[in-house]
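*Asks:* sequence? don't have it. structure:
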């Protein structure tokens, strides 16, 4: 019996841990071949590749991001391989199971919930007696009637063979994300989340976890993403893993989902003191700062403690933080969500993800959707279209905020400019992103592509057309942001230089002759006039840039900014000098 298991990942760099767990548990009794595709792959290509493997059984791991494409694959496969047994599993089909068997008649079986043991027992029955009623956690048809067996019992996690040591995974470890679990289950009961359905948290043996992590690191893994729903719920366990990774990371990066308001101060102090910069990333689900909303979805959260944790981590400078918001939760209207956004943006996370509520099958919120007049998409991803306090019109507006937030904050293309705008020129951060998002949409820019220069040009056009004050200062910050984030000297700019080519040459000659007029640090570079022409760019600013970067205070005073693009180290530094001093140097 030839068995193939597969899934459609969102991107090539992603990997599916579920497939590897199924394979590890089924073998060696049942050799299993893993094949991974993406949702962007043509359906015909997927079907062709699976057909050519001539399997007897094909298992699909199903999620909200791939279920609709998976259905198309399954429908086509059954037409060309009518005798193949199709098995579906994963969180998307583990709830409303009878619905899925009725909607997808081509599917023969559905594995519900934790799948390792159920899938292997199904293979046993397919290979021998076909007594499917004996397999707990299985749904199937009998005489056209849908049968849903009793649920399977929870596994002893340490009885599951390691899913991290397959030889076929090793060549691509450095190019893809490795997903890793140290536990299953969640201690919380958030009504919008599937994790709330499983009661209790089970852990893998910590020495086994260390052994698997070390194997992955030594084998070349570059990014390991822990899928534990709350990695820090068990403090001593988390601390021991943190210490182990600090001691053995070898440049690998590790990402964790944490609950920030229960993070103990001693853990934060330990990380700030011992963690190498850049190897840890934290993902923190805030979702809402509205207490009434959190109470309705049974979400316990102390935003004051959460803020303290995020702030301490940020001050430590070692760990990037990704904070999540959900628009559309019960009784959170437009103004309430605006407050939530501003509360969280004030923490200045490295990334702020603005998502929209998805009414996932099996969640308490979906079961009680009528209580809040929810309207949502019939098919995955089940995103809301409105409720009793947030009409579709407001959702559309918030989506415009999401669009420019991604481009102008999360991608960190112009941090100094955005910081200036949200603190000095707009009433709040949300007001900036909303007003700019509305302008962006009105211009039709959401329908076309953009280069880096376009992003700067479009922001400046928006600021000009609304008659933003202090536009020269903003322009100077945008010039700084544009230069400082290039590793190499850019071939073009988004603005016209204020200096003629002759004036630029005159200043560069003065700088080459008297580099001390810029700074002692600049003098140490020992750049010739030819080097300056080749590896620097200069522009006049209307304010003292260095003073502003240190104090956030604007002092109007013309300066020349010299940006050096170091060709050897491939980094960029800026220097400033008084125009008067340079002009005097040119004359002397």
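*Replies:* Noted; the coordinates are in hand. Predicted model, so just to flag it, every value in this text is computed and none were measured. Residues are numbered from 1 along each chain as shown.

*Asks:* in the stretch 301-450 of the chain, which spans are strands?
*Replies:* 320-327, 351-356, 375-376, 384-386 (DSSP state E, counting those that start in this stretch).

*Asks:* nearest to residue 136, of these?
*Replies:* strand 375-376 (32.0 Å; Cβ to Cβ). C-betas here are computed from N, CA, C, even on glycine.

*Asks:* Which strands and helices lie in contact with that closest one?
*Replies:* Under the contact criterion of 3 or more Cβ pairs under 8 Å, 6 or more residues apart in numbering; DSSP states H and E, strand 375-376 touches strand 384-386.

*Asks:* could you give me the average pLDDT of the strand it packs on?
*Replies:* Mean pLDDT, strand 384-386: 98.

*Asks:* Stretch 197-216 too?
*Replies:* 93.

*Asks:* ok, and what's touching that stretch?
*Replies:* Outside stretch 197-216, the residues within contact range by Cβ atoms under 8 Å, 6 or more residues apart in numbering are 154, 157-158, 162, 164-165, 173, 178, 180-187, 224, 230, 233-234, 237, 240-241, 244-245, 248, 252, 362-363.

*Asks:* 7 Å - rerun?
*Replies:* With contacts defined as Cβ atoms under 7 Å, 6 or more residues apart in numbering, stretch 197-216 is touched by 154, 157-158, 162, 164-165, 173, 178, 182-187, 224, 233, 237, 240-241, 244, 248, 362.

*Asks:* Got a PyMOL select line for the buried ones in those residues?
*Replies:* Buried residues among these (16 or more other Cβ atoms under 10 Å), as a PyMOL selection:
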select buried, resi 157+164+173+178+182+183+184+185+186+187+224+233+237+241+362
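
*Asks:* So which of the contacts of stretch 197-216 sit within helices?
*Replies:* 237, 240-241, 244, 248 (DSSP state H).

*Asks:* Let me have the residues you listed in JSON lines, adding distance to residue 398 and pLDDT as columns.
*Replies:* Output for these, formatted as JSON lines (distance: Cβ to Cβ, whole Å; pLDDT from 0 to 100):
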{"residue": "237", "distance to residue 398": "38", "pLDDT": "96"}
{"residue": "240", "distance to residue 398": "41", "pLDDT": "97"}
{"residue": "241", "distance to residue 398": "37", "pLDDT": "98"}
{"residue": "244", "distance to residue 398": "41", "pLDDT": "98"}
{"residue": "248", "distance to residue 398": "43", "pLDDT": "98"}
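
*Asks:* out of these, which one sits closest to residue 97?
*Replies:* Of all the ones in helices among the contacts of stretch 197-216, residue 97 sits closest to residue 237, with 33.6 Å by Cβ to Cβ.

*Asks:* I'd like to know how far the closest one sits from residue 545.
*Replies:* The gap separating residue 237 from residue 545 is 47 Å, by Cβ to Cβ, to the nearest Å.

*Asks:* Now do the contacts for residue 546.
*Replies:* Taking Cβ under 7 Å, 6+ apart as the criterion, residue 546 is in contact with residue 576.

*Asks:* Where does it sit: helix, strand or coil?
*Replies:* Put simply, residue 546 is helix when judged by DSSP: H, G, I helix; E, B strand; the rest coil.

*Asks:* Excluding covalently adjacent residues, which one is nearest to residue 320?
*Replies:* In this structure, residue 320 finds its nearest non-sequential neighbour in residue 350, 4.3 Å apart by Cβ to Cβ, 6 or more residues apart in numbering.

*Asks:* From what I see, that neighbour and residue 321 are in contact.
*Replies:* Yes - with contacts counted by Cβ atoms under 7 Å, residue 350 reaches residue 321, the gap being 5.7 Å.

*Asks:* Looking at those two, which one has more neighbours?
*Replies:* residue 321 (21 against 15; other Cβ atoms under 10 Å).

*Asks:* shouldn't that one be in contact with residue 352?
*Replies:* No - the pair formed by residue 321 and residue 352 falls short of the contact definition of Cβ under 7 Å, at 9.4 Å.

*Asks:* Might you list the low-confidence residue ranges for the chain?
*Replies:* 584-588 (pLDDT under 70).

*Asks:* Break down the stretch 251-400 of the chain into its helices, ranges please.
*Replies:* Ranges of helices in the stretch 251-400 of the chain, per DSSP state H, counting those that start in this stretch, are 265-274, 291-296, 303-316, 334-345, 364-367, 392-405.

*Asks:* can I get those helices in JSON lines with distance to residue 101?
*Replies:* As requested, the helices of the stretch 251-400 of the chain are exported to JSON lines (distance: least, Cβ to Cβ, whole Å):
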{"stretch": "helix 265-274", "distance to residue 101": "46"}
{"stretch": "helix 291-296", "distance to residue 101": "33"}
{"stretch": "helix 303-316", "distance to residue 101": "42"}
{"stretch": "helix 334-345", "distance to residue 101": "38"}
{"stretch": "helix 364-367", "distance to residue 101": "19"}
{"stretch": "helix 392-405", "distance to residue 101": "33"}
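
*Asks:* Save the ones you listed as TSV, and put in mean neighbour count and distance to residue 22 too.
*Replies:* Putting those into TSV (neighbours: other Cβ atoms under 10 Å; distance: least, Cβ to Cβ, whole Å) gives the following:
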stretch	mean neighbour count	distance to residue 22
helix 265-274	14	34
helix 291-296	16	36
helix 303-316	17	36
helix 334-345	20	38
helix 364-367	18	27
helix 392-405	18	35
